[in-house]
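**Student:** next one to model:
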Amino acid sequence: MSLEALGMVETKGFIGAVEAADAMVKSANVQLIGKEYIGAGYVTVFVRGDVGAVKAATDAGAAAARRVGELISVHVIPRPHSEVERILPKNGSIGYSPDEKALQAGQSGNITQLEIADSKNDNLPATRNKIK
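**Tutor:** Numbers count the residues shown, from 1 in each chain. As a prediction, the model looks like this:
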């Protein structure tokens with residue numbers, strides 16, 4: 001059994017998750033242990049630390065996520081059972097990651113160009129525009 005608490009903040013959208021993670025590590029003495037892409041735009045961010053710090057961190061993370069996006073859920077487990085460890089992030093992330101999948105396919109993983117097709121004239125080729 002772990003003596004540390006586990007905190008989770010789930011958002012819809014990556015920006016809310018990043019904002020929550022930033023607020024959590026800045027507001028309390030917690031360790032960011034990873035994230036999980038659930039699907040349909042849902043992202044869960046995990047932190048660990050003592051119970052009071054994790055509670056303060058998840059409160060700050062929830063408020064931050066709510067400001068910039070959609071907060072789905074927040075939960076703190078004071079002393080998670082050791083069996084729970086098996087499903088937690090090990091190397092910073094678990095589950096589906098768009099960048100990892102792109103890297104496996106031999107792509108850069110970062111979107112740098114966007115193809116825009118002219119919907120009025122299907123005979124025109126798609127153009128490429130750099131995203132800034």
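**Student:** please name the bridge partners of Ser73.
**Tutor:** Per DSSP bridges, the residues bridged to Ser73 are Glu10.
**Student:** brain fart, Leu32
**Tutor:** Beta bridges link Leu32 to Val47 when assigned by DSSP bridges.
**Student:** show the contacting residues for it.
**Tutor:** Contact analysis of Leu32 by Cβ atoms under 8 Å, 6 or more residues apart in numbering lists 21, 24-25, 45-47. All C-beta atoms are positioned from the backbone trio N, CA, C, and that covers glycine.
**Student:** which of those lies closest to Ala57?
**Tutor:** Closest approach to Ala57 among the contacts of Leu32 (Cβ to Cβ): Met24, at 4.0 Å.
**Student:** okay, that closest one: pLDDT?
**Tutor:** Looking at Met24, its pLDDT stands at 98.
**Student:** and if you look at Thr112?
**Tutor:** So, for Thr112, pLDDT stands at 32.
**Student:** same question for Gly95.
**Tutor:** Per-residue pLDDT puts Gly95 at 42.
**Student:** cool, and Ile87?
**Tutor:** Per-residue pLDDT puts Ile87 at 87.
**Student:** burial of it, as a residue count?
**Tutor:** Per other Cβ atoms under 10 Å, the neighbour tally for Ile87 reads 8.
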